[in-house]
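Novice: When you get a sec, could you give me coordinates for this:
(2 chains)
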2 protein chains.
Amino acid sequence: MATAGCRDRPMTESLDRAAPAVLTIDLDAIAANWRLLCDRVAPAACAAVVKADAYGLGMDRVAPALRATGCGTFFVAQLEEGLALRRLLPDADIHVLNGPLAGTEAAFAAARLVPVLNSLEQMARWRESGSSGSCDLHLDTGMSRLGLPPEDVATLVADPTPLDGLDIDLLMSHLACADEAGHPMNANQLRDFEAWTARLATAGIGGRRCFANSSGIFLGAAGHFDLTRPGIALYGGNPTPESPNPMAQVVRLQGKILQVRRIDSPQTVGYGATHPACGPTRIATVAAGYADGYPRSLGGRATGFIGDHRVPAVGRISMDLTTFDVTDIPETLCRPGAAIDLIGPRNPVDDVAAAAGTIGYEILTALGRRYHRHYLGGSGR
Amino acid sequence: MATAGCRDRPMTESLDRAAPAVLTIDLDAIAANWRLLCDRVAPAACAAVVKADAYGLGMDRVAPALRATGCGTFFVAQLEEGLALRRLLPDADIHVLNGPLAGTEAAFAAARLVPVLNSLEQMARWRESGSSGSCDLHLDTGMSRLGLPPEDVATLVADPTPLDGLDIDLLMSHLACADEAGHPMNANQLRDFEAWTARLATAGIGGRRCFANSSGIFLGAAGHFDLTRPGIALYGGNPTPESPNPMAQVVRLQGKILQVRRIDSPQTVGYGATHPACGPTRIATVAAGYADGYPRSLGGRATGFIGDHRVPAVGRISMDLTTFDVTDIPETLCRPGAAIDLIGPRNPVDDVAAAAGTIGYEILTALGRRYHRHYLGGSGR
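Specialist: Prediction:
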């Protein structure tokens, strides 16, 4: 399947005059990714995870675009994200993964946010708040992070009183190793989730089951249950890292060249004088740096593109600037004002992440505030 | 000298109810740091670098606080930062380090922003724009990033026509290795800057000289010239990494505990199942993760504090969550809602950065948008 690339069209002309760098986000690609996942998990339903500002891409644009495509169920991490999403989507089902902090129960109820209850303590508080709104139960099958451990599940099976009066929508769990298809945790977590939800059912505790994240969707239909909840795959990250990426790319990031420095006598480039320029060299300095979320760990490891020409980042990444070696590139292509793809069709998010020693999720959520953001498509507004 | 710590007072009680994490920024500490640097560089003047949203701490609060303390000259990186700062400080001198992108010259002039001209090309454009506003010249003595190389300096000395009619305020350069006091680049750059500015003077090209950044200030008075421009030191970063930090800490970041997971039988913690919990263990899960700029590279390497108790981060950092091993901490101190210092008096920014394999600058500029921000002091507003 093709990794479409964020619409490989010439962008340079349209770069805003004052923009140091332009971030293009393809809402139609996000919608297409959601529909692809929908088709894959049917007859199970497909939600969308839009926490962390829709993985850095702007929940205010992404969520309405998904809603217009037919997505009715959304997951965020925190109350305030849920409140913001409620303002955008009055009619959506909104689930809040972190559950309520003490004293925030009424705010959840007022905005019809569904809290994921992760502990007996959260459960007790939600019950005491007297809310009639629905809630989810999170069973921890292997993350040891949030959710009910097996002992608490057993406690509830033995005595479901803590759930009296609660309107449970989802029974959930979360995969720890879904991106490694062969990891034994996957089968273990699936087995436990099925067993625990079956035991809860014997005690009269039921709900729709929700288990698979992006990678989990590709582990097979046994984990799809009633509702799936992809995140990273919507935004172009590869949910099957051991195989080609089935998702369309969503993001393109183009940094503008401020200056091309010609170096004739040997000298060094950047902080720490770590990069020697020995022969005649041309260095293009681009107006984006680690303060824009272009990670410092990319220093000497990033690859930019000018059209089809590969240009290596050299020296350390600065706070506001990155230097690329453009010695081998025709001068006409790298004049001040021209753009270098920092993320693009030839260097997609996952590749940039690998060079930085991290994952695409972190590259996306770190995307900076100084970029000019252009959205493509998105009939949602 | 004491590293004061961001006012080591109990904060837990005051944490906003809905806040997943609270970022406290001590404006008085920033002001005190600026005054300390002022005293150190006198009779040279002292500016403040507030680019990248004042290193992530909020230019809208930091700049007015510094202005109220007596700082009249500011540096930003980009035009749009300059425009925002002009709205905050109608009477300040504002210099824009990246200089004008083509077509933005009029916007600089209209807002009385002083562009740092980094190339003959920027110089020609500024001159052609006919602006009567002042400008700076940046001489590149060793960064190979922005600024005039020696050949261009020689060109100007031979024929200063490109500067005809320009009102030059500053002659600048930027140190590459100032944080390594013994690095030979420091003396070389200082020597070149003095020589080149002297040669320019013979051609009638003069201006105030501005050379030292935070670390440069501590390399000695020879580099102070007319104006210094500290950045990171204002925000508590150590400008003398080989010695104790002379600056007051500015930032405290407290993440709230959502849940404490008790583990009795052996299992793993977090994504990838990388952290084994072998004996009885308690894991406190905090509502901050890499989407908040708490870097993923801190997984298994970060140290949090609950009061004076050191707690190690275990497993991978998640997008919205981080897990700490609190097995050895009294239960009364780590209940849901209690705070763990992610950055604080006992784990200042530079320590967190070292654990993450980066520098304090990147930790600060990555500070997330979901934190509730509390500002201490700052008579500037």
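
Novice: backbone phi and psi for the nearest residue to A:Ser297 once chain neighbours are set aside, please?
Specialist: Nearest non-adjacent residue to A:Ser297, counting by Cβ to Cβ, 6 or more residues apart in numbering or on different chains: A:Ala356, 4.7 Å away. In short, each C-beta sits where N, CA and C put it, glycine included. Main-chain torsions, A:Ala356, degrees, to the nearest 10: phi -90, psi -10.

Novice: A:Ala356 and A:Pro295 touch, don't they?
Specialist: Yes: between A:Ala356 and A:Pro295 there is a contact under Cβ atoms under 8 Å: 4.5 Å.

Novice: The two: who's more crowded?
Specialist: Set A:Ala356 next to A:Pro295 and count neighbours by other Cβ atoms under 10 Å in any protein chain shown: A:Pro295 wins out with 27 against 23.

Novice: mind checking how far the more buried one is from B:Pro345?
Specialist: 27 Å (Cβ to Cβ, to the nearest Å).

Novice: Could you find the closest non-adjacent residue to A:Ala44?
Specialist: Distances taken as Cβ to Cβ, 6+ apart put A:His224 closest to A:Ala44, at 3.9 Å, once the chain neighbours are dropped.

Novice: who's in contact with the one you found?
Specialist: A:His224 makes contact with A:Val41, A:Ala44, A:Phe211, A:Ala212, A:Ile217, according to Cβ atoms under 8 Å, 6 or more residues apart in numbering or on different chains.

Novice: returning to what we had before: give the residues shared as contacts by A:Ala356 and A:Pro295.
Specialist: Counting by Cβ under 8 Å, 6+ apart, the common neighbours of A:Ala356 and A:Pro295 are A:Glu362, A:Ile363.

Novice: Point me to the residue sitting farthest from the middle of chain A.
Specialist: Residue farthest from the centre of chain A, counting by Cα atoms, centre = their mean, is A:Ser265 at 44.7 Å.

Novice: Does the strand or helix carrying A:Ala353 pack against any helices or strands, and if so which?
Specialist: Using DSSP states H and E, A:Ala353 falls within helix A:349-356. In this structure, helix A:349-356 packs against strand A:339-343, helix A:360-365, with contacts taken as 3 or more Cβ pairs under 8 Å, 6 or more residues apart in numbering or on different chains; DSSP states H and E.

Novice: Mean pLDDT and mean neighbour count added to the ones you listed, as CSV?
Specialist: Converted to CSV, those look like this (pLDDT from 0 to 100; neighbours: other Cβ atoms under 10 Å in any protein chain shown):
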stretch, mean pLDDT, mean neighbour count
strand A:339-343, 97, 26
helix A:360-365, 98, 26
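
Novice: Nearest approach to A:Asp192 belongs to which of these?
Specialist: Nearest of the helices and strands packed on helix A:349-356 to A:Asp192, taken as Cβ to Cβ: helix A:360-365 at 25.1 Å.

Novice: got the residue ranges for the strands in the stretch 51-200 of chain A?
Specialist: Assigned by DSSP state E, counting those that start in this stretch, the strands in the stretch 51-200 of chain A fall at A:73-76, A:93-96, A:113-117, A:134-138, A:167-172.

Novice: CA atoms of the fourth one as CSV?
Specialist: Once side chains and other backbone atoms are set aside, the C-alpha atoms of strand A:134-138 remain, and they are given as CSV (Å, rounded to 0.1, in the frame of the first residue of the first chain):
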residue,chain,number,x,y,z
SER,A,134,-22.1,7.0,32.1
CYS,A,135,-18.5,5.9,32.9
ASP,A,136,-16.0,3.4,31.7
LEU,A,137,-14.0,0.8,33.7
HIS,A,138,-10.3,0.4,32.9
